[in-house]
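Participant: Have a look; sequence and predicted model below, questions after that.
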Amino acid sequence: MQNTSLIDLDRRHLIHPVTNFRAHEKRGPTILTEGKGAWLRDANGNELLDAFAGLWCVNTGYGQQSIVDVAMEQMQRLPYATGYFSFGSEPAIKLAAKLVELAPQSLKHVYFTLGGSDAVDAAIRYINYYYRALGKPDRDQFISLQRGYHGSSSVGAGLTALPVFHRNFGLPLPSQHYISSPYPYRHPQGADPQALIAASVAELRAKVAELGNDRVAAFFCEPVQGSGGVVVPPQGWLKAMSDTCRELGILFVVDEVITGFGRTGPLFACEAEGVQPDLMTLAKGLTAGYAPMGALMMSDAIYQAIAEGAGPETPVGHGQTYSAHPVSAAIGLEVLRLYHEGGLLANAQAQAPRFEQGLRDLLDHPLVGDARSRGLLGALELVTDKANKTPFDASLRIYERVGQAAAQQGVIFRAFTDGNLGFAPALCYTEAEFDLLFQRLRATLDLVLEQAEVRNALS
């Protein structure tokens, strides 16, 4: 089929995620055809350097033959096995056991989902069940962070605190509440890490007191806020919030859908601060995007309370057709092997200083107000006035201008609507590819700066 025919069919029939329908009908898709390592090729033959790992997920890079091989072998042997009726499959059982071996010691049980959104939804459902099993049905209030992202399911999207995921969807729910983002660049206490941490702890305590200590079920957070603009809290923030939840007697849920599997350095971001969550959501790097899969990990205390609450005969009524899918699980096992035995974790840790320095070197660009990163997860923030940290006026649609310039330069990253640029290069990136990334990124910013409307906006 000709490229033009595919574009026309896409415009007429395919609904794209988090997209303005009318704008997409006008623009049409960029059709991707091949991928190898950190590189993609589109239908017009353009080579594109992917600095976003697909959607924060292709941590291994594209075209890893060993992943293809295990998927093919599993599909030939057993392409599907239901998890209902106490059926199981070898890959899913082994993957669950491997995750428990590698994850924080507090997490002993795994429920497999199709991705991150339904991992968050599963967490909410199991938390509600847990408290009712304990005879505490009034513990039904949830707290998360401004700028947080916890998927786009009908309930989890309410924990997400980004307006576009609420508009016209009837969210947030009355049971969903927020505290301030630990955003060093824009937080009043941002210049002082300890003061910022203290402010977050105080705000969490105040919110719990406001809602009622016997009403709050859980606090959800990302170790680094991804879709909220790659907000990197100071070291120690995650541990302080975990400790506070323990003191207050509420569940601490860490969303590692983006940060898990080497993205921030260790296999899980929790490791860096010795955090032991009650529940943890995973996806993306679990299968490196080669097949859909997510996971919810929970403590034994939660598992046992739910088991006791159900009694000896009644099923716990949560499940999905493709939970613990054997092909996805086989892929997950091979991806974990590549992180460790294949050297991807070690490479990412070795390349992280180069990535950090490349971002920081762009602070001299007239458009860049902030550069931040942890591991291979980072952002640049574009402003019109560096001294006052003034964001671009929304009417200038700076994100569209950056996206168009990036396409001209053959580089892929995420331009958020608020002027933040997000980066999540694959763990296989080489030093030469980082050099090329930052060359193309500077050229992209220069192209944007050449536009009269942008220059006129600068103070």
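Facilitator: Everything's here; your move. Residues are numbered from 1 along each chain as shown.

Participant: hey, where'd the helices end up in the stretch 251-400 of the chain?
Facilitator: Taking DSSP state H, counting those that start in this stretch as the criterion, the stretch 251-400 of the chain carries its helices at 300-310, 326-340, 344-361, 398-409.

Participant: can you list the ones you listed in JSON lines and add distance to G156 and mean neighbour count?
Facilitator: Bear in mind the C-beta positions are built from the backbone N, C-alpha and C, glycine included. Formatted as JSON lines, the helices of the stretch 251-400 of the chain follow (distance: least, Cβ to Cβ, whole Å; neighbours: other Cβ atoms under 10 Å):
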{"stretch": "helix 300-310", "distance to G156": "18", "mean neighbour count": "16"}
{"stretch": "helix 326-340", "distance to G156": "20", "mean neighbour count": "24"}
{"stretch": "helix 344-361", "distance to G156": "28", "mean neighbour count": "18"}
{"stretch": "helix 398-409", "distance to G156": "25", "mean neighbour count": "19"}
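
Participant: Now tell me what touches the helix or strand of the chain with the lowest mean pLDDT from outside.
Facilitator: Within the chain, no helix or strand scores below helix 3-13, which has a mean of 91 by mean pLDDT, DSSP states H and E. Helix 3-13 has contacts (Cβ atoms under 8 Å, 6 or more residues apart in numbering) with 24-25, 28-29, 31, 43-44.

Participant: go on, stretch 214-221?
Facilitator: 120, 123, 127-128, 131, 136, 138-145, 148, 150, 159, 204, 208, 238, 241, 245, 248, 250-255, 278-279.

Participant: just how off-centre is it within its chain?
Facilitator: Relative to its parent chain, stretch 214-221 has a centroid offset of 21 Å by Cα atoms, centre = their mean, to the nearest Å.

Participant: Which of the residues in that stretch are classified as buried?
Facilitator: For stretch 214-221, a neighbour-count test (16 or more other Cβ atoms under 10 Å) marks 216-221 as buried.

Participant: Could you tell me whether F112 really is in a strand?
Facilitator: Yes: according to DSSP: H, G, I helix; E, B strand; the rest coil, F112 belongs to a strand.

Participant: low-confidence ranges in the stretch 151-300 of the chain?
Facilitator: Regions of the stretch 151-300 of the chain meeting the criterion pLDDT under 70 are absent.

Participant: Strands along that one, start to end?
Facilitator: 176-179, 216-221, 251-255, 279-282, 294-299 (DSSP state E, counting those that start in this stretch).

Participant: now, which of the contacts of helix 3-13 sits nearest I179?
Facilitator: I179 lies nearest to H24 out of the contacts of helix 3-13, by Cβ to Cβ, at 34.6 Å.

Participant: Could you find the closest non-adjacent residue to the closest one?
Facilitator: Nearest residue to H24 in three dimensions, chain neighbours excluded: H16, at 5.8 Å (Cβ to Cβ, 6 or more residues apart in numbering).

Participant: Same question for A407.
Facilitator: Spatial nearest neighbour of A407, excluding adjacent residues (Cβ to Cβ, 6+ apart): T30 at 7.7 Å.

Participant: need the contact list for N128.
Facilitator: N128 neighbours (Cβ under 8 Å, 6+ apart): 140, 217.

Participant: What strand or helix carries it?
Facilitator: Using DSSP states H and E, N128 sits within helix 116-133.

Participant: moving C-terminal of that helix, what's the next helix or strand?
Facilitator: Downstream of helix 116-133 (by DSSP H and E), the next one is strand 141-145.

Participant: if we look at that next one, which residues are touching it?
Facilitator: Strand 141-145 is contacted by residues 124, 127, 150, 159-161, 175-182, 204, 207-208, 211-212, 215-222, 225, 228, 250 when judged by Cβ under 8 Å, 6+ apart.

Participant: Can you list the strands that that strand pairs with?
Facilitator: strand 176-179 (parallel), strand 216-221 (parallel) (DSSP bridges).
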